[in-house]
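Novice: Task: produce atomic coordinates for the following.
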Amino acid sequence: MNALTAASKNSIRQTIEKLDDYRPGVVATHPGWCGSAYVFGDGEVFAAPDTPEVIVAFDGRPKFKPRGTLEDAQALIDEYVLGKPIPSAVVSCAILGPLLRFFPQGNLNPFNEIVGLRETGKSTLLMLGASIYAGDPNSNIGGAEQWDHSPAEIDVLKLEHADGLLTLDEAELAGSSAGEQKSTIKRAIWKLATTDGRRRFGDAAPSPTYLVTISTSNTPLAELAGTGKVADALRSRAITLTVDAEADATGLSREDVEAIAQLASEHYGVLGRAFIKRLVAEVAKDEAGFRASLQFLFAKALGQMTPSGSVRVDKTFALIAVAGFIAQKWGIVGRRHPIEGTVLALHRQRFAKPDPLKRVLAYGRRHREDLVAVKDLTMPLDDDQCRATPGFRLPQGENYWFLVPTERFQQEFPDHCHLMQDLRRLNRARTEGGNTPKLSIKSPNSICRGNIRMYCIDVSRVRMNN
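Specialist: Next up, the predicted model:
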């Protein structure tokens, strides 16, 4: 039928006005919860009986189409992941996304980062998390995304992964310059950590957008994004999990890595669908009761923790622990190694007060490729070069000193005063006396020609660097 003239258009309008026999329905403009139904990123809908028809009004992405079998995915997770602290936490983080809107309100969207040197398993862990919902056999990071997106594109990614998991690889790729990198990372974390959506002039108030984000980088995001209040704010919004090949912090062997690669390329998306199918049924049966049970489990997990000093961080760990508990209770993953206990143990390990010298040595290992041996300097550095260097190694008689510019040290260790005081009590800190004692010293002339101050730690008779 052609509708070119005003009369024909008015006729169509009159016909529509007379219609009164509409089917009830809702429109899904992006993946995630749509009323009591859940819409996956490929457009598939899980809904309880008697749910209004869901009209999917977005183009699905192929990476969200599941592949493989649930049984094989479960076997790989049970054998090669569960019981290992950081891998178990990553799986639980992925499962958490669809649950977020049913927890007590007031929490930020969980943002987690996996930090470590090259070849420590960061991207493998990211692929593991992404495989719960998505995958791509032709990508070396599976269903994950790269960090090289503009702030505007981050808004799109947030909606494409709503009520699920967004995994971002290699934060060093954010921005084409150091300044753009800082701006992109800062804005991205602010956008992803809040449940608010992007709003244009004239838009109705958007519904909250819940999701979990996991990022990887060689350097903590707070360090990449700047110093001072910005870095402090980022630390309060992001949980940093450091992986170290020497300490085997990931808990992943070569066999584990190969198994996770198989999961990410052959059996992805099936665990997430199994979990959400059960979740949709539970919410339809008794949403109020389900919310109450989550609140009870959340409070219980918090009560088992020793406070870390950050309420946000403690709440995020509690959310992750509960998600793992629910997944195991429903039989989505095996029960041989309880995820809840593993995540709570990771929290204790992450925030227990470690040996102060070991903390400094761990920092030195992370930056080993950029440390400067003073004996190799042909001339002193200028102030900017000195500030940009993560540390200096200096033999001093029978001793061996490790010197770090104060700005870098304070950025790395927010409790730098207490840390240096602990090192001084152990006779490991070289400090400055006089009428106004200081925990730092003036840079030796052989290192810097300016007036740069440094923290100096005596690392004699310990393994500082290879």
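Novice: Alpha carbons only: can I get stretch 18-26 in PDB?
Specialist: Output of stretch 18-26 as PDB, limited to C-alpha atoms (Å, rounded to 0.1, in the frame of the first residue of the first chain):
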ATOM      1  CA  LYS A  18      -9.300   2.100  16.000                       C
ATOM      2  CA  LEU A  19      -7.100  -0.900  16.900                       C
ATOM      3  CA  ASP A  20      -7.500  -2.100  20.500                       C
ATOM      4  CA  ASP A  21      -6.400  -5.700  20.400                       C
ATOM      5  CA  TYR A  22      -2.600  -5.400  21.100                       C
ATOM      6  CA  ARG A  23      -0.400  -8.100  22.400                       C
ATOM      7  CA  PRO A  24       1.500  -7.100  25.600                       C
ATOM      8  CA  GLY A  25       5.200  -6.700  25.000                       C
ATOM      9  CA  VAL A  26       8.400  -5.000  26.000                       C
END
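Novice: buried ones in that stretch?
Specialist: Within stretch 18-26, no residue counts as buried by 16 or more other Cβ atoms under 10 Å. The way it works is simple: take the backbone N, C-alpha and C, and place the C-beta from them, glycine included.
Novice: for that stretch, the distance to its chain's centre please.
Specialist: 43 Å (Cα atoms, centre = their mean, to the nearest Å).
Novice: Check stretch 359-376 too.
Specialist: That offset, for stretch 359-376, works out to 26 Å (Cα atoms, centre = their mean).
Novice: same deal with stretch 339-347?
Specialist: 16 Å.
Novice: Touching that stretch from outside, list them.
Specialist: For stretch 339-347, the external contacting residues (Cβ atoms under 8 Å, 6 or more residues apart in numbering) are 82-86, 88-89, 91-92, 241, 301, 304-305, 308, 314, 317, 320-322, 324-325, 327-328, 333.
Novice: Return the residues in contact with the nearest residue to Asp148 once chain neighbours are set aside.
Specialist: Counting by Cβ to Cβ, 6 or more residues apart in numbering, Leu173 is the residue found nearest to Asp148 once chain neighbours are left out, at 4.2 Å. Leu173 makes contacts with 146-148, as judged by Cβ under 8 Å, 6+ apart.
Novice: CSV for those, including pLDDT and secondary structure?
Specialist: Output for the contacts of Leu173, formatted as CSV (pLDDT from 0 to 100; DSSP: H, G, I helix; E, B strand; the rest coil):
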residue, pLDDT, secondary structure
Gln146, 93, strand
Trp147, 92, coil
Asp148, 88, coil
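Novice: Top of those residues by number of neighbours, please.
Specialist: In terms of neighbour count, Trp147 stands highest of the contacts of Leu173 at 22 neighbours, by other Cβ atoms under 10 Å.
Novice: now the helices: where do they sit in the stretch 151-300 of the chain?
Specialist: Taking DSSP state H, counting those that start in this stretch as the criterion, the stretch 151-300 of the chain carries its helices at 151-160, 178-193, 221-225, 229-237, 254-266, 270-303.
Novice: which residues of the stretch 1-150 of the chain score low on pLDDT?
Specialist: 1-3 (pLDDT under 70).
Novice: For the closest residue in space to His149 that isn't next to it in sequence, the count of nearby residues, please.
Specialist: Residue nearest to His149 in three dimensions, not counting chain neighbours: Leu157, with 6.5 Å by Cβ to Cβ, 6+ apart. Using other Cβ under 10 Å, Leu157 has 18 other residues around it.
Novice: element containing the closest residue to Arg366 other than its chain neighbours?
Specialist: Leaving aside its sequence neighbours, Arg366 sits nearest to Leu117 (Cβ to Cβ, 6+ apart; 6.4 Å). Using DSSP states H and E, Leu117 maps to neither a helix nor a strand.
Novice: these two touch, right, Leu117 and Asn218?
Specialist: Yes: taking contacts as Cβ atoms under 8 Å, Leu117 lies within contact range of Asn218: 6.2 Å.
Novice: ok so, going back, mean pLDDT for the helices of the stretch 151-300 of the chain: which is lowest?
Specialist: Mean pLDDT is lowest for helix 229-237 among those, at a mean of 63.
Novice: Ser150 - nearest residue in space that isn't next to it in sequence?
Specialist: Going by Cβ to Cβ, 6+ apart, Ser150 has Thr184 as its nearest residue, at 7.1 Å.
Novice: Contacts only, for the one you found.
Specialist: Contacts of Thr184 (Cβ under 8 Å, 6+ apart): 149-151, 174-175.
Novice: Return a ChimeraX selection command for the buried portion of those residues.
Specialist: The following ChimeraX line selects those of those that are buried, judged by 16+ other Cβ under 10 Å:
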select :149,151,174,175
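Novice: Please render the contacts of Thr184 as TSV that adds distance to Ser36 to the earlier fields.
Specialist: As requested, those are arranged in TSV below (distance: Cβ to Cβ, whole Å):
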residue	distance to Ser36
His149	32
Ser150	35
Pro151	33
Ala174	37
Gly175	40
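Novice: Tell me the one of the contacts of Thr184 nearest Ala222?
Specialist: Using Cβ to Cβ, Ala174 comes nearest to Ala222 of the contacts of Thr184, at 13.7 Å.
Novice: Go ahead and confirm the closest one touches Glu145.
Specialist: No: Ala174 is beyond contact range of Glu145, at 11.6 Å (criterion: Cβ under 8 Å).
Novice: ok, and the closest non-adjacent residue to Ser440?
Specialist: Arg453 (4.4 Å).
Novice: So what sits opposite the one you found in the bridge?
Specialist: Lys442 (DSSP bridges).
Novice: roughly how far apart are it and Thr436?
Specialist: 13 Å (Cβ to Cβ, to the nearest Å).
Novice: The two: which has the busier surroundings?
Specialist: Remark: of Arg453 and Thr436, Arg453 carries more neighbours, 17 against 6, as counted by other Cβ under 10 Å.
Novice: Hmm, Thr406 and that one touching each other?
Specialist: Yes: in terms of Cβ under 8 Å, Arg453 counts as a neighbour of Thr406; the distance is 4.9 Å.
Novice: middle-most residue in this protein, spatially?
Specialist: Asn112 (2.0 Å; Cα atoms, centre = their mean).
Novice: check contacts around the closest residue to Gln262 other than its chain neighbours.
Specialist: Using Cβ to Cβ, 6+ apart and skipping residues adjacent in sequence, the residue nearest Gln262 is Leu76, 6.6 Å away. Leu76 is in contact with 259-260, 262-263, 267, counting by Cβ under 8 Å, 6+ apart.
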